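[1] Below: sequence and its predicted model.
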Amino acid sequence: MDVRFVDTTFRDGSQSLWAAGIRHGMIEAVAETMGRAGFEVVEVPVGGNHMKKSLRDSKEDPWERARMLARKMPHTVKSCMGGAHIILFEAASTPRSVIELYYARLAGIGALNRVQVMANVMDECRRTFPWVIPMFRKLGLQVAIALSYTISPRHNDEYYAQKTREVLAFNPDAVYLKDQGGLLTVDRARTLLPVIVQNAGTVPVELHSHCTTGLAPLVYLEALKLGIRRLHTAVPPLANGSGQPSIFNVAGNARLMGYSPQVDLALLRPAAERLTAIARQENLPIGAPLEYDYGQYIHQVPGGVISNLLHQLKEMRIIGRLNEVLDESVRVRKDLGYPIMVTPHSQFVVTQAAINVVTGERYKHVIDEVILLALGAFGEDSGFAWMDQNLKDRLLGLPRAKELAARQKTRDISLKEIREKLGGPGVSDEEFLMRYLMKGEEEIRAMRAAGPPKQYFNTSMPVLTLIQELGKHRHVRYVQVQRGSDSLVIQNLSLN
């Protein structure tokens, strides 16, 4: 029985372990190899958040990255998380015309063949799928629909059975369970996965989990026994930790169990070695198995959100109150009707919990996003129908609630109007989209001033690598390399 793999190294692996800090040159160093390794799908970092990160922090052109991916992996199905938005936090204010232009450009240059869309976080089946999935189909993109996994009184087997049936109406190319918190256990998988497989019918079912609790590699093997034939894995050093299981571990164990992993591990080992060398060179984390943490099942806060919370509490000099904030996040989530702890709701819950703890009074100050939850702006999946009624009444009585409600009625601005504000018809689509994402041109100019992206050469280019390293040591006048009767001298002429 064949087992196929969706690779997450560049996208979710980087997002989970390197704060989405993978650079153009790092991807380029191994992209061709990854494209030939036999993955069913390779996730690529071309979503809006990754584009902003690339442009703002790495000072690299995200469209050049997209073209490089298309060039290096021309025959690979390339996928990203997407939906009725470019930046998820800005979904409500982004016109449909801009969203369509963004995905059309990615598809047009060959950087995107598949979109992975969430189905049960913001009531997407009713609110956005009726228009966004036909848009993706028109662009020739495959659509994989994700059901986000969580633990709560209302997210039981029947809930996931019903959600699976709902998404089939949109004829997805795949359905997958997205366990963003690494909360799935072997016992829970035995009851839940057969429900999804049965209700999915002939549509392929995939499993996506994180190693946050250390259980994901074992859960994957149980999933194989339960009929799942597509697993989301990553290549070290961007595997394990808070990322996905390692392809080497899962494929190796699957083979021992009698399955046939459809991936070339021998081809991938040099890629893993190259990425590990880059991680050491740039002092980036190397994924490793984590100890079991039962607290993850209680607060369900994703690892990336906890990392950001720690940073903020440290800046406020109250890092010792982390456990108080996590405990309060459990109460806030219950108050809000058990929204799934995934972006953006995990950030909303934790931010409100931190404010409650710091002010010493629950809901004395309320963030706009929590008020929007009370207004139903994110749909029933967000917990609107199950929110504590006393809290909902209190939030809807705030003057701010009336202001936010009025904003929800804004009209869909035409693409022509937005273009006029960002340079007019003479600006290319790619330039326009960057200006839209960055709210202007300042950071785009800074990116271009930084020059071309850094390259990461491998052992097949030893002389070039040697020259680059020598450039870092200005006091070295020359280096002589001799092998038998052959001699090579590299001299720094600027010191003569």
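    All right, it came through fine. None of the values given here were measured: they were computed from a predicted structure.
[2] Ranking helices and strands of this structure by mean pLDDT, which lands last?
    The helix or strand of the chain with the poorest confidence is helix 462-470; it has a mean of 59 (mean pLDDT, DSSP states H and E).
[3] immediately after that helix, which helix or strand?
    strand 478-483 (DSSP states H and E).
[4] so how far is that following strand off the chain centroid?
    46 Å (C-alpha atoms, centre = their mean, to the nearest Å).
[5] go on, stretch 79-94?
    The chain centroid and the centroid of stretch 79-94 are separated by 12 Å under C-alpha atoms, centre = their mean.
[6] need the helices for the stretch 51-200 of the chain, in chain order.
    Listed in chain order, the helices of the stretch 51-200 of the chain (DSSP state H, counting those that start in this stretch) span 62-72, 96-108, 124-127, 129-138, 157-168, 186-200.
[7] So which residues make contact with the third one?
    Residues external to helix 124-127 that are found in contact with it (C-beta atoms under 8 Å, 6 or more residues apart in numbering): Gly83, Ala84, Val117, Met118, Ala119, Lys163, Glu166, Val167, Ala169, Phe170, Gly379, Asp381. C-beta coordinates here come from the backbone N, C-alpha and C atoms, glycine included.
[8] Swap in 7 Å and give it another go.
    Gly83, Val117, Met118, Ala119, Glu166, Val167, Gly379 (C-beta atoms under 7 Å, 6 or more residues apart in numbering).
[9] who's in contact with the residue nearest to the first one when sequence neighbours are not counted?
    Closest residue to Gly83 apart from its sequence neighbours, by C-beta to C-beta, 6 or more residues apart in numbering: Val117 at 4.7 Å. The contact partners of Val117, taken as C-beta under 7 Å, 6+ apart, are Gly82, Gly83, Glu124, Val143, Ile145, Ala146.
[10] What are the buried residues along the longest helix anywhere in the chain?
    As assigned by DSSP state H, the longest helix anywhere in the chain is helix 265-281. By neighbour count with 16 or more other C-beta atoms under 10 Å, helix 265-281 contains the buried residues Leu265, Leu268, Ala271, Ala272, Arg274, Leu275, Thr276, Ile278, Ala279.
[11] next one: stretch 207-221
    For stretch 207-221, by 16+ other C-beta under 10 Å, it's 207-213, 215-217, 219-221.
[12] In TSV, list these along with distance to Lys416.
    Below are those laid out as TSV (distance: C-beta to C-beta, whole Å):
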residue	distance to Lys416
Leu207	44
His208	39
Ser209	44
His210	43
Cys211	47
Thr212	46
Thr213	50
Leu215	52
Ala216	47
Pro217	51
Val219	50
Tyr220	49
Leu221	54
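[13] Tell me which two of the residues you listed sit farthest apart.
    Farthest apart among the buried residues of stretch 207-221 by C-beta to C-beta are Thr212 and Leu221. That separation is 17.6 Å.
[14] returning to what we had before: next, find the distance separating the residue nearest to Gly83 from Val370.
    Using C-beta to C-beta, to the nearest Å, Val117 is found at 25 Å from Val370.
[15] With Asp12 instead?
    In terms of C-beta to C-beta, Asp12 sits 27 Å off from Val370.
[16] No further questions, thank you.
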